[in-house]
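> The sequence isn't on hand, but the structure is:
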């Protein structure tokens, strides 16, 4: 059973494959096309930053000017395989997000 079945306001749970931000970008674009004033918030971990789809979604969000989309990254250094810093280093995280706009 997924979290979205028990928590109002949670539309999906994306897991560790890094698809959450891509889905959030799609939701934000959908809201724009339907003239809805939604705030889309994506919660992701630093482990998801090792997935290319996360960075592609960040580029798209900036390119499309999705100002109602917020990505919150939990930098806890924990991933399924151990520690994020030992699997694939993503530092400097803050600088990378700033570079994407």
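Looks like it arrived, so ask away. From a predicted model like this one, the values you see are computed outputs, not experimental measurements.

> how near is the residue of the chain positioned farthest from its centre to residue 92?
In the chain, residue 35 marks the outermost C-alpha relative to the chain mean, sitting 22.4 Å out by C-alpha atoms, centre = their mean. Distance, residue 35 to residue 92, using C-beta to C-beta, to the nearest Å: 38 Å. Every C-beta, even on glycine, is put in place using the N, C-alpha and C of the backbone.

> ok, now residue 63?
Going from residue 63 to residue 92 by C-beta to C-beta gives 22 Å.

> residue boundaries of the strands in the chain?
With DSSP state E, the ranges of strands along the chain come out as 40-45, 69-74, 78-79, 82-83.

> How far off centre is the first one?
Looking back up the chat, that one is strand 40-45. From the chain centre to the centre of strand 40-45 is a distance of 5 Å (C-alpha atoms, centre = their mean, to the nearest Å).

> For the helix ranked longest in the chain, buried residues please.
For the chain, the helix with the greatest residue count under DSSP state H is helix 20-33. For helix 20-33, a neighbour-count test (16 or more other C-beta atoms under 10 Å) marks 20-25, 27-29, 31-32 as buried.

> likewise stretch 64-83?
66, 69, 71, 73, 79.

> List the contacts of it.
Identification of contacts with stretch 64-83 by C-beta atoms under 8 Å, 6 or more residues apart in numbering yields 16, 21, 24-25, 28-29, 31-32, 37-47, 49-50, 58, 60-61, 84-85, 87, 93, 97.

> same thing but 7 Å
Contact with stretch 64-83 is made by 16, 21, 24-25, 28-29, 31, 38-47, 61, 84-85, 87, 93, as judged by C-beta atoms under 7 Å, 6 or more residues apart in numbering.
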